[in-house]
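Q: Next come a sequence and a model predicted from it.
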There are 2 protein chains.
Amino acid sequence: MERVYNFSPGPAALPTEVLNKAKEELLNWQDQGMSVMEVSHRGKPFVEYAAKSEVTLRELLSIPENYKVLFLQGGASLQFAAVPLNLTNASQKADYVVTGNWGKKAAKEAERFLSVNLAVDGIDGNYFGIPDSATWNLSDDASYIHLVINETVVGVEFHQIPDMSKAPLVADMSSTLLSRPINVNRFGVIYAGAQKNIGPAGLTVVIVRDDLLDKARSETPTVTNYRAMSDSDSMSNTPPTFNWYLAGLVFDWVKKEGGVLEMAQRNKRKAEKLYEAIDESDFYSNPIDPKCRSWMNVPFTLPDSKMDSLFLEESSNAGLANLKGHRLVGGMRASIYNAMPEAGVDALVNFMNEFQKRYG
Amino acid sequence: MERVYNFSPGPAALPTEVLNKAKEELLNWQDQGMSVMEVSHRGKPFVEYAAKSEVTLRELLSIPENYKVLFLQGGASLQFAAVPLNLTNASQKADYVVTGNWGKKAAKEAERFLSVNLAVDGIDGNYFGIPDSATWNLSDDASYIHLVINETVVGVEFHQIPDMSKAPLVADMSSTLLSRPINVNRFGVIYAGAQKNIGPAGLTVVIVRDDLLDKARSETPTVTNYRAMSDSDSMSNTPPTFNWYLAGLVFDWVKKEGGVLEMAQRNKRKAEKLYEAIDESDFYSNPIDPKCRSWMNVPFTLPDSKMDSLFLEESSNAGLANLKGHRLVGGMRASIYNAMPEAGVDALVNFMNEFQKRYG
């Protein structure tokens, strides 16, 4: 079967070029007579590859020297626990800015480890927008402020980060990292599961400012301890070598394509096209405040949810895969990360128009 | 370059047949027009594949119905912390049977979470053997007894598990699982990092008896909580889908080759050949008590460590890769997991004989 346009929210589409390279060298990496899956993480070839991948990521995101970059396991969900374990003791407090389902999950997990102040919870507005930051109830004594830059379920994204100078910002950027430039200096910790814009599931990138490396509780598992992983170049234990390798190929691809500024331009264009098609139709709709609509995840509904299965069947037959919305919100969702070409969005918009003509 | 014989201790060699299948379908899995890395873990194809992989593993290891099988991230090293978090509270105690470097690391990590009793520590004998179990100082009130079935650094393996009926046995089987039959019923928890006999690094298999699922502390991160991961079929968060997929291919391969009994016969034969070559020579030596020599990792030294680099260079040129011993013990180490064919061991023995003839 031909490659389809895959709108999966994650694990998500990867650049075809990257997959072709991985395929080509799958049994013989760097002419070693073995797969990259079979080489020692402590051997020179992998150590050098890993170091180079970090250099490229630092270059892409302009990561300052006083930040460490870690390549870990466990996904963003393990970071929901690792953040309070690394940054606080149990008697401390953190502010959680909740603008969607992932922020809520992060806050709930953090409650196991410290006192959580919900500075804002957009659930009152069904997470259809981001409440004005002037209304947020930030604490004077929070150890950090946690936020999720892009919420994948409803499709809400911070296009600008409000000024919150009270405590270090900790950001889940699972669906943001590499999709646009970010100002790393504004954050204490940035973390991201790989399976959106970075690589296959099973790798987590953590970027941590070096003054935050030494605050971990003794009950922090070593492989989630920022200091221990930093001191060992993320190899306190065996890292997920294949996942890391694939991420390295993606970093090279992003660089070759023009970097994160180019990605941002493409992603903005793709998202605008799709929102425009939705807004101009009287058939499709998206309820999110236009000021904070996500560039990465575009949910939309049909006039009647009874048409959903027909839409899914016909779009799938047209080579547009995985458009089903999250079970919490229903309808459709097009996830259009870096690896989704503009042609894929064009094909979707065409399909949507024709579907409306047939059934609207 | 042709495929070489790869004696890496882990990440280790994978069956060539498995890698070829992964290569063939890397961009188009199950005729879906996308890679297995790109499919949703919640979609039917992956959910069914994951379930089937568990069925095969259960069949291979005769896992009883009252045990859950989990597919997690973080490696055995994260289990060093997850075990005490899941099974005890901070005021409790556990016995650690230390027969090598990994047991020592497990005990050290556990000390963050509970009171550790070193029931035995073979370091007095340089871990060259397993002290008689009659001499072990097991507690009457331990919550569990922890042991590492095969120690990869020095090459020491339990070929029989002594009777220790006092508390549930918890075993690190990272380098044992799938290499031979095991009696799961004797254990409360079995865990294994994948990168020896199971699949690529980044996946951890945990087998846990169901009466041990509900003892976790509230400070257990959700993605390491046995109950939460069991209730979600290991999908509380996004699992490492590619790593799991590859492990599934390995399970199928083991089954097709005749199962773990056949693996055990091959592994025993391979190990005996190699130890015999070492013992019969007056050039190579291995210090481990023959009763507990590992079938998986065979360390050996040359008469003079100054010859090590020559041995490594020439063996590598002969297509025998990654024979360097662990930095803690020096010399050579041949790791001969399931994926190492007997022909690889024969080639190594021939090389060793010729090397001795030239330089002995």
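A: In hand now; what should we look at? Since we're looking at a predicted model, the values are computed, not measured.
Q: From here on, just use CA atoms for contacts and neighbour counts.
A: Will do.
Q: So which residues of chain A form helices?
A: In chain A, the helices defined using DSSP state H lie at A:16-24, A:44-61, A:75-87, A:101-110, A:226-231, A:241-257, A:259-280, A:308-317, A:342-359.
Q: List of residues touching the fifth one?
A: Counting by C-alpha atoms under 8 Å, 6 or more residues apart in numbering or on different chains, helix A:226-231 makes contact with A:68-70, A:86, A:208, A:213-214, A:216, A:222-223, A:235-236, all of which sit outside it.
Q: Pick the most buried one from the helices of chain A.
A: Using mean count of other C-alpha atoms under 10 Å in any protein chain shown, the stretch among the helices of chain A with the largest mean neighbour count is helix A:75-87, at a mean of 25.
Q: helices or strands up against that one?
A: Judged by 3 or more C-alpha pairs under 8 Å, 6 or more residues apart in numbering or on different chains; DSSP states H and E, the packing partners of helix A:75-87 are helix A:101-110, strand A:189-193.
Q: One more pass at 6 Å, please.
A: strand A:189-193 (3 or more C-alpha pairs under 6 Å, 6 or more residues apart in numbering or on different chains; DSSP states H and E).
Q: Pull the distance from the strand it packs on to the chain's centre.
A: 8 Å (C-alpha atoms, centre = their mean, to the nearest Å).
Q: who does it touch, helix- and strand-wise?
A: Helices and strands touching strand A:189-193, by 3+ C-alpha pairs under 6 Å, 6+ apart, are helix A:75-87, strand A:169-172, strand A:204-209.
Q: Report all helices and strands that the shortest one contacts.
A: Spelled out, that is strand A:169-172. Under the contact criterion of 3+ C-alpha pairs under 6 Å, 6+ apart, strand A:169-172 touches strand A:145-148, strand A:189-193.
Q: so what strands line up beside the last one?
A: It refers to strand A:189-193. Strand A:189-193 sits in its sheet next to strand A:169-172 (parallel), strand A:204-209 (antiparallel), going by DSSP bridges.
Q: quick one: buried residues of the last one?
A: Going by neighbour count (16 or more other C-alpha atoms under 10 Å in any protein chain shown), the buried part of strand A:204-209 is A:204-209.
Q: Show me which residues of the stretch 151-300 of chain A sit near chain B.
A: Within the stretch 151-300 of chain A, the positions adjacent to chain B are A:200-202, A:219, A:221, A:240 by C-alpha under 6 Å from any C-alpha of the partner chain.
Q: got TSV for the helices and strands packed on strand A:169-172, with mean neighbour count, mean pLDDT and distance to residue B:358 too?
A: Below are these laid out as TSV (neighbours: other C-alpha atoms under 10 Å in any protein chain shown; pLDDT from 0 to 100; distance: least, C-alpha to C-alpha, whole Å):
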stretch	mean neighbour count	mean pLDDT	distance to residue B:358
strand A:145-148	26	98	64
strand A:189-193	27	98	53
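Q: Closest one of the contacts of helix A:226-231 to chain B?
A: Distance to chain B, by C-alpha to the nearest C-alpha, is smallest for residue A:223 among those, at 6.2 Å.
Q: Kindly state the pLDDT recorded for the closest one?
A: Looking at residue A:223, its pLDDT is 98.
Q: Output stretch A:331-340 in PDB, but only the C-alpha positions, please.
A: What follows is stretch A:331-340 as a C-alpha-only set of coordinates in PDB (Å, rounded to 0.1, in the frame of the first residue of the first chain):
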ATOM      1  CA  GLY A 331     -15.900  14.400  16.300                       C
ATOM      2  CA  MET A 332     -12.700  14.600  14.200                       C
ATOM      3  CA  ARG A 333      -9.200  15.800  14.900                       C
ATOM      4  CA  ALA A 334      -6.400  16.400  12.400                       C
ATOM      5  CA  SER A 335      -3.000  16.300  14.000                       C
ATOM      6  CA  ILE A 336      -0.600  18.100  11.700                       C
ATOM      7  CA  TYR A 337       2.800  17.900  13.200                       C
ATOM      8  CA  ASN A 338       6.000  18.700  11.300                       C
ATOM      9  CA  ALA A 339       6.000  15.500   9.300                       C
ATOM     10  CA  MET A 340       2.600  16.300   7.800                       C
END
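Q: can you give me the mean pLDDT across that stretch?
A: 98.
Q: And that stretch, how far out from the chain middle?
A: Distance of stretch A:331-340 from the chain centroid (C-alpha atoms, centre = their mean) equals 12 Å.
Q: contacts for that stretch?
A: Outside stretch A:331-340, the residues within contact range by C-alpha atoms under 6 Å, 6 or more residues apart in numbering or on different chains are A:7-9, A:13-15, A:197, A:296-301, A:323-325.
Q: let's see 7 Å
A: With contact meaning C-alpha atoms under 7 Å, 6 or more residues apart in numbering or on different chains, stretch A:331-340 is reached by A:7-9, A:13-15, A:179, A:196-197, A:263, A:267, A:296-302, A:305, A:308, A:323-325.
Q: ok, back up a step: so which of the helices and strands packed on strand A:169-172 comes closest to residue A:74?
A: Minimum separation from residue A:74 across the helices and strands packed on strand A:169-172 (C-alpha to C-alpha) falls at strand A:189-193, 8.2 Å.
Q: that older thread, indicate which one of the helices of chain A is closest to residue B:137.
A: Closest of the helices of chain A to residue B:137 is helix A:226-231, at 31.8 Å (criterion: C-alpha to C-alpha).
Q: Just the CA trace of the closest one, in PDB.
A: The C-alpha trace of helix A:226-231 is given here as PDB (Å, rounded to 0.1, in the frame of the first residue of the first chain):
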ATOM      1  CA  TYR A 226      18.100  15.200  36.500                       C
ATOM      2  CA  ARG A 227      21.600  15.400  38.200                       C
ATOM      3  CA  ALA A 228      22.300  11.700  37.900                       C
ATOM      4  CA  MET A 229      21.200  11.600  34.200                       C
ATOM      5  CA  SER A 230      23.000  14.800  33.400                       C
ATOM      6  CA  ASP A 231      26.300  13.600  34.900                       C
END
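Q: chain center to it, what's the gap?
A: 22 Å.
Q: same question, stretch A:189-202
A: Offset of stretch A:189-202 from its chain centre (C-alpha atoms, centre = their mean): 6 Å.
Q: what's the span of that stretch, first residue to last?
A: One end of stretch A:189-202 sits 19 Å from the other (C-alpha to C-alpha, to the nearest Å).
Q: measure stretch A:89-101 end to end?
A: Its first and final residues considered, stretch A:89-101 spans 26 Å by C-alpha to C-alpha.
Q: Highest neighbour count among the residues of the stretch 151-300 of chain A next to chain B?
A: Highest neighbour count within these: residue A:202, with 32 neighbours (other C-alpha atoms under 10 Å in any protein chain shown).
Q: Get me the contact residues on the stretch 1-150 of chain A for chain B.
A: Along the stretch 1-150 of chain A, the residues adjacent to chain B under the rule C-alpha under 7 Å from any C-alpha of the partner chain are A:1-4, A:8, A:10-14, A:19, A:23, A:26-27, A:31-34, A:37-40, A:73-74, A:77-78, A:81, A:112-113.
Q: What degree of burial does the nearest residue to residue A:293 once chain neighbours are set aside show, as a neighbour count?
A: Sequence neighbours aside, residue A:156 is the residue nearest to residue A:293 in space, at 5.0 Å (criterion: C-alpha to C-alpha, 6 or more residues apart in numbering or on different chains). Residue A:156 is flanked by 29 other residues according to other C-alpha under 10 Å.
Q: mind giving me the domain ranges of chain A?
A: Domain assignment for chain A by automatic domain parsing gives A:5-12+A:257-359, A:17-256.
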